[in-house]
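S.K.: Quick one, structure for this:
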Amino acid sequence: MRIAVQIEDFDVSHELAELRKKNPAIGAIVNFVGLVRDVNEGQKISAMALEHYPGMTEKSLQDIAKRAIDRWQLCDALIIHRIGNLQLMDQIVMVAAASAHRGDAFAACEFMMDYLKTEAPFWKKESTQAGERWVDAREADEVALQKWDSNQGV
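M.R.: Have a look, this model is predicted:
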């Protein structure tokens, strides 16, 4: 399991190759990459700044990945989250789940992302034409957790 909180960008191909070469039992890797988009809540975004709580953030991400590994038959898991100043189309986050079969990898990847969005201590500030604004947690992210807590999600 690899967890990283970093300013620098990441190379998706490199990260997947590193994950894959660790275990010949891996038959599937599912990954998600989140990007800085140009619109949020109907407002144009020109940039984003991400802050975190050092130490606590990494522990939270480790806990999320460990829960996924314990819940599904995963060979490995990866979470990389960037902090600092990001521009439009920059990569923000990468989550990957490696397993023998695709079903576990798909479910675990979605689970990790859903929990990361709600439980990891990151704070996001967007730059808009009207000025800077802190982004509150979205109700849709909280709703996404319900399927995992109620065991509707595999």
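S.K.: ok, now which ones touch the residue lying farthest from the centre of the chain?
M.R.: Here the chain reaches farthest from its C-alpha mean at Ala130, the gap being 28.1 Å by CA atoms, centre = their mean. Ala130 makes contact with Gln43, according to CB atoms under 8 Å, 6 or more residues apart in numbering. Where C-beta positions appear, they are placed from N, C-alpha and C, glycine not excepted.
S.K.: change it to 10 Å
M.R.: Contact partners of Ala130, counting by CB atoms under 10 Å, 6 or more residues apart in numbering, are 43-44.
S.K.: can you give me the helices for this structure?
M.R.: Assigned by DSSP state H, the chain shows helices spanning 12-21, 56-71, 102-119, 139-149.
S.K.: I would like the residues contacting the first one, please.
M.R.: I take that to be helix 12-21. For helix 12-21, contacts defined as CB under 10 Å, 6+ apart pick out 1-2, 4, 11, 26, 29, 31, 33, 75-78, 80, 91, 94, 96-98.
S.K.: Buried residues, that helix. List them.
M.R.: For helix 12-21, a neighbour-count test (16 or more other CB atoms under 10 Å) marks 15-16, 19 as buried.
S.K.: burial measure for Pro54, as a count.
M.R.: Number of residues near Pro54 (other CB atoms under 10 Å) recorded here: 10.
S.K.: Give the full set of residues in contact with it.
M.R.: 5, 83, 121.
S.K.: Determine which stretch of the helices of the chain is the most buried.
M.R.: Across those, averaging neighbours per residue (mean count of other CB atoms under 10 Å) puts helix 102-119 on top, at a mean of 20.
S.K.: doesn't Gln62 make contact with Ile79?
M.R.: Yes. Between Ile79 and Gln62 a contact is recorded at 8.4 Å, counting by CB atoms under 10 Å.
S.K.: what do those two both touch?
M.R.: Contact with both Ile79 and Gln62 is made by residues 1-3, according to CB under 10 Å, 6+ apart.
S.K.: from the residues you listed, which single one is nearest Ser46?
M.R.: Nearest to Ser46 among these, counting by CB to CB, is Ile3 at 29.7 Å.
S.K.: Right, I'll leave it there.
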